[in-house]
Structure formats: C-alpha cells, structure tokens
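Enquirer: Requesting a structural model of the entry that follows:
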Amino acid sequence: MNVSVTILHEPKRKRPYLVRWWGEPDPETGKQRRYSVSFMTQSEAKAFQAEKLASLNRGQPRDPVNVSLEELVEDFTEARLSQLSYASRIGYENTIEQMLSHFGRATSIRHIDRRRAEAFIASRKRRDGRPGDLSSWSRARHLIHARAIFAAAVAWGYVDENSFRADRLHGRSALNVNPKAKPWHHLTPDEFVRLLSVVTDERRRAAYWLMYGCGLRPGEAYNLRAANIDLKHRRIHVVNRAATAELPPFTVKAEGQSSASKERTIPIPGAAIPDLTASMKESFKSGGFVVISPERFLVVQTNWQLCREGKPWAGHSHRPWQNRDMVNNMLRNTKSLLEKAGLTLTAPFTLHTFRKSFAQNHADAGTPPRTLAMLLGHADTRVTMQYYSRVTDANERAAGDTMDRLLNESRGSAHVG
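Expert: Below you'll find the model as predicted:
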C-alpha cells in the first residue's frame, strides 16, 4: 500500500504546490484513490504535509470523511453553540438556516468549494424584505459564522481546508468583507459634564459614570454590586455571578471571544467617587445593586422567577436571561436629558455610546492600545484599534490645517518682501 505524502510543484496552476496522498485500498480491486490539496506557497504545502503525515501516523483515516452540511451543523451546534451567549447563538442559527436553504441539507461539505462559498456570502439579502443591500456588518457576521463552522470541520478532519477563509491575494472576493463602522456621536468630556448638570438622581449619575468614566457596558453597569467596588483603592472588579433562586446570573462577555469570560479590574476616576459613594449607601435597598432602584429590583426578581420557570416574562416569549435585562427605559430617559442639557447629537446615540466615548477619550489622550483593550475587556486589540483610526483621521485633518496655515503665512511673508 502506498503510504507516502508528497509535494508536487506545477507552476502553471494558480495554486502551484500540491500535497498528495493515497487512500485505503479498495477491498475488491485493491486500488487506492489519490487525494490532493493545493497551496500558494511551498511553506504552506510543507506545513500541511507534516500535519497530514502526523495524522496518518496517529491512525487517522486516509480517505476523507463524507459529511453532509446538515450533519456538520448538527455537530457544530452540539459541540460549540452551547458555549455561546444567547445573542450569539441566535446569530449562528440564522446563518445556519440560510446555509441549509442555499446549499441543501444533504450536500456534502466537500462540494462546498471556494466558488460556492463566495456565492453564498455575496447572495445574502435582507430577511425583512426591505429594499437595499445587506449591510457590510450583517454580511460580515454571516461570513464569520460560516468560517467558524468550516474551521470546526477542518479541525474534526471532515475537510482539509476552510472554503470560507479568504485568500489575501484576491481582494475583490466576497470572502474579504470589511464591515463599515456605524456612525456614533462622540460625547466629549465637556458634553458629559453638561449632561451631569441636569441629572438629579444619584443612581443615574452613578450609572453614567460607570459607562463613561470606567468604560463598562450597560449590562455590566446595571449588574454591578456594591461588593465589587473598592472605593479605598478606587477600583471596580467586573466578575461573573452565578445564578441563584433570588438573583439572575451575570456573565462577562469579551468582544471577539466566543465563550470564555474576561473578568477585569478598572480604575475609578476621582470625579466619580461622590456619586458612586452616595449610590452605594442606598444599594442595600436594591439587593446590593448600585444603579437600579428598589422598584426596578423587585421587577427584576419577578422577571427572573418567571424566566426560571420557563414562562413568558416582560413581553417576551421564554428565552434565557441576558445581562441587559437588568436595564429598563434608560436610553429613552437619557435622550430626554441630553435634550434638556442642550446637546445636539451629530450621529445615532445608544447607551453603548458612553462606553465608546470612554474608549475614544483614551485613544485621543494616547493610552496604549493594549492598556485600553484590557480596560474595555477586548479579547483582541483589533476591536480596540477602531478608536485609534478615528484619532488618525482627526490627526490627518489637523495636519492639513497646519499645512494651510504654514502656506498662508509663507504667502504673507512673500507679499511683504
């Protein structure tokens, strides 16, 4: 039986380096089927050759496993989706539903090549039937999900390469999606002070400080308990909380991180201490939560009890509890306060804008990206760098203004001479 794994160079091919190996002998004919995978570079081919030899030496099957798309997504759902948050699972389930409809449930995943993968991503449309193209962000989410599903197929030995992984040399490919960031209003420090000037409720002021001054997500701010605030050392500890019969769970979610939590410690700005101190003194009335009222705490307990019993709650059909379920009407009230403070919004505003503004302020001030990523709880600094790109844009404009000023000064000097 031929057991070799060889590399062949064919210069006329688009991917000129082929790694070849032989399958198991056919029981009737004794013949072996030959398989191959092509690569752009010799180093990639050699790495795959070594990996394939190692897997064969471990007794892995020589012939590819024939797995249908339906079987793959069932395996992926069982092995991976259970580790994700509810919102992430919904996103994956949407992509899976569309993949099964587009390719067919019984289609072998080995028949879903790069061309068919590109066609799937390029053909995504709005699900609500509205006119217009699908946003680059939504298209990127489908790509991320499909890529993760087929990465699992590679890891499990179902296929040899991920057909949804983009080739860097083909920038026009539908698999090279660069989602455009949605515009948002950067709340400057001066604007934040003006907002605080019209807020009389200490809990609300504390919530704003936690999101704007400490960079917490809204769900993190509203799940924060007094026990997790160290006023002496001016630190906040964002940690997981297990569910009890009385209190819902809280799970820290790191962007770019599929399942694991990223607990972290964040410094508190000195200006936030008075409002946090006052709010903490009253937190015993709200189950230890710093920024929710006693009335809201009772509602949360009722909703959590219904959720645990699998009953509809707060207008929802039954679904798992999420961090944001602690928040209620906060955005509507905040927009009213922004208007009262006389602030004009230049772009959409959400509660997450407080956290984004925290990040932008740090980027503007020159905080190192890795430090800011740690404060924000980002698993990948690529997410953090979006704020530094905005700084770059501002610096470019400033450089242009400087050049205009210098040229104008030069013209003036030349005229005088």
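
Enquirer: OK, contacts around the nearest residue to residue 323 once chain neighbours are set aside?
Expert: Of all residues not flanking residue 323 in the chain, residue 219 sits nearest, at 3.0 Å (C-beta to C-beta, 6 or more residues apart in numbering). The way it works is simple: take the backbone N, C-alpha and C, and place the C-beta from them, glycine included. Residue 219 sits next to 250, 322, 323, 324, 326, 327 when contact means C-beta atoms under 8 Å, 6 or more residues apart in numbering.

Enquirer: For the fifth one, give its distance to residue 337.
Expert: Look at residue 326 and residue 337: by C-beta to C-beta, to the nearest Å, they are 20 Å apart.

Enquirer: again, but for the fourth one
Expert: Residue 324 sits 20 Å away from residue 337 when distances are taken as C-beta to C-beta.

Enquirer: Please enumerate the helices of the stretch 1-150 of the chain.
Expert: For the stretch 1-150 of the chain, the helices defined by DSSP state H, counting those that start in this stretch cover 42-57, 69-79, 86-103, 114-122, 136-155.

Enquirer: and what of the stretch 201-350 of the chain?
Expert: Under DSSP H, counting those that start in this stretch, the stretch 201-350 of the chain gives helices at 202-208, 218-223, 273-281, 294-308, 330-340.

Enquirer: Residue 275: neighbouring residues, count only.
Expert: 23 (other C-beta atoms under 10 Å).

Enquirer: Please read the previous query as pertaining to residue 201.
Expert: Neighbours of residue 201 (other C-beta under 10 Å): 14.

Enquirer: Would you agree residue 163 is in contact with residue 113?
Expert: Yes - distance between residue 163 and residue 113: 5.4 Å, which falls inside the contact criterion (C-beta atoms under 8 Å).

Enquirer: which of these two has more neighbours?
Expert: residue 163 (22 against 11).

Enquirer: Run through the residues that contact the more buried one.
Expert: So residue 163 contacts 112, 113, 114, 116, 117, 150 (C-beta under 8 Å, 6+ apart).

Enquirer: Selection in ChimeraX covering whichever of those are buried, please.
Expert: Filtering the contacts of residue 163 down to the buried ones (16 or more other C-beta atoms under 10 Å) takes a single ChimeraX command:
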select :112,114,117,150
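
Enquirer: and residue 77, how far is that from residue 153?
Expert: 13 Å.

Enquirer: Kindly report the same for residue 44.
Expert: Residue 44 is 19 Å from residue 153, by C-beta to C-beta.

Enquirer: Show me which of those two is the more surrounded one.
Expert: Between residue 44 and residue 153, residue 153 has the larger neighbour count (other C-beta under 10 Å), namely 27 against 15.

Enquirer: quick one: that one and residue 159 touch, right?
Expert: Yes - Residue 153 is in contact with residue 159 according to C-beta under 8 Å; the separation is 4.9 Å.

Enquirer: what's the overlap in contacts for the two?
Expert: Shared contacts of residue 153 and residue 159, counting by C-beta under 8 Å, 6+ apart, come down to residue 109.

Enquirer: Can you give the domain ranges for this structure?
Expert: 5-57, 69-155, 189-368 (automatic domain parsing).

Enquirer: which stretch among these comes nearest residue 174?
Expert: Nearest of these to residue 174, taken as C-beta to C-beta: domain 69-155 at 3.9 Å.

Enquirer: Mind checking what secondary structure residue 157 has?
Expert: coil (DSSP: H, G, I helix; E, B strand; the rest coil).

Enquirer: Just confirm it contacts residue 55, I think it does.
Expert: Yes - counting by C-beta under 8 Å, residue 157 touches residue 55, with 7.3 Å between them.

Enquirer: Give me the below-cutoff pLDDT ranges for the stretch 201-350 of the chain.
Expert: Within the stretch 201-350 of the chain, the segments meeting pLDDT under 70 span 254-261.

Enquirer: Kindly recompute the last result at 80.
Expert: 253-262, 316-318 (pLDDT under 80).

Enquirer: Closest one to residue 379 out of the contacts of residue 219, please.
Expert: The closest of the contacts of residue 219, once distances to residue 379 are taken by C-beta to C-beta, is residue 323, at 16.9 Å.

Enquirer: how about the helices of the stretch 1-150 of the chain in JSON lines, adding distance to residue 352 and mean pLDDT?
Expert: Shown next, in JSON lines, are the helices of the stretch 1-150 of the chain (distance: least, C-beta to C-beta, whole Å; pLDDT from 0 to 100):
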{"stretch": "helix 42-57", "distance to residue 352": "40", "mean pLDDT": "89"}
{"stretch": "helix 69-79", "distance to residue 352": "29", "mean pLDDT": "94"}
{"stretch": "helix 86-103", "distance to residue 352": "14", "mean pLDDT": "92"}
{"stretch": "helix 114-122", "distance to residue 352": "27", "mean pLDDT": "92"}
{"stretch": "helix 136-155", "distance to residue 352": "14", "mean pLDDT": "90"}
